[in-house]
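Undergrad: sequence and computational prediction follow.
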Amino acid sequence: MYLQKNKATIFWALLIAVLSLLPGEKFPHVPMTNADLVVHFFFYCVFTFLLILGNVRQSQYIFLKKHPVFCALLVSIPFGGLVEIIQGTEFVSRSAEFADFLANSVGGLIGVILFFIIYGSPKNFTTWNKKSPPKKITEDNPHSIS
């Protein structure tokens, strides 16, 4: 149940990991200053948003459902740090940068804010695709079709 509700999150985490561990020369050079920070910010904003969404949709782990924001940040921020640490090792031809870690963390925090803007409090979470039962059409109902 948890994995099924977090397919998009798992895919996104794998995408982040793969792209972060590829050699830097595989990516095109962008003339914009600090373009990589924008990419880091975007990746972790989406990642945290998807983590929260997956946590509130699943019903297997009660703690995750009751504290989806805390748990999402508890995963996304260390994940960003771990990726940066791995980039600093000799196994990956990339460099670890504290600015990237900050962009990851700020992206995660903005992902939380976006979740609140779109869905409101996780405690009141309902998906948009839940259908409410049709209302009975009666004489008392002013919205009945005549």
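TA: Structure's in. What do you need? Numbers count the residues shown, from 1 in each chain.
Undergrad: mind listing what's buried in stretch 4-20?
TA: 5, 6, 9, 12, 13, 16, 20 (16 or more other CB atoms under 10 Å). Heads up, the C-betas are built off the backbone N, CA and C, glycines and all.
Undergrad: before we move on, what about stretch 57-71?
TA: Buried residues in stretch 57-71 (16+ other CB under 10 Å): 57, 58, 64, 65, 68, 69, 71.
Undergrad: ok, residues contacting stretch 110-118?
TA: Contacts to stretch 110-118, defined as CB atoms under 8 Å, 6 or more residues apart in numbering, come from residues 41, 44-49, 51-53, 69, 72-73, 76, 122.
Undergrad: the same query, at a cut-off of 10 Å, please.
TA: 41-53, 56, 68-70, 72-73, 76, 121-122, 125, 128 (CB atoms under 10 Å, 6 or more residues apart in numbering).
Undergrad: now that stretch - C-alpha only, PDB.
TA: Taking C-alpha atoms only, stretch 110-118 is exported to PDB below (Å, rounded to 0.1, in the frame of the first residue of the first chain):
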ATOM      1  CA  ILE A 110       8.900  25.500  -0.400                       C
ATOM      2  CA  GLY A 111       7.500  22.100  -1.300                       C
ATOM      3  CA  VAL A 112       5.800  22.100   2.100                       C
ATOM      4  CA  ILE A 113       4.400  25.500   1.500                       C
ATOM      5  CA  LEU A 114       3.100  24.500  -1.900                       C
ATOM      6  CA  PHE A 115       1.300  21.500  -0.400                       C
ATOM      7  CA  PHE A 116      -0.400  23.800   2.200                       C
ATOM      8  CA  ILE A 117      -1.400  26.300  -0.600                       C
ATOM      9  CA  ILE A 118      -2.800  23.600  -2.800                       C
END
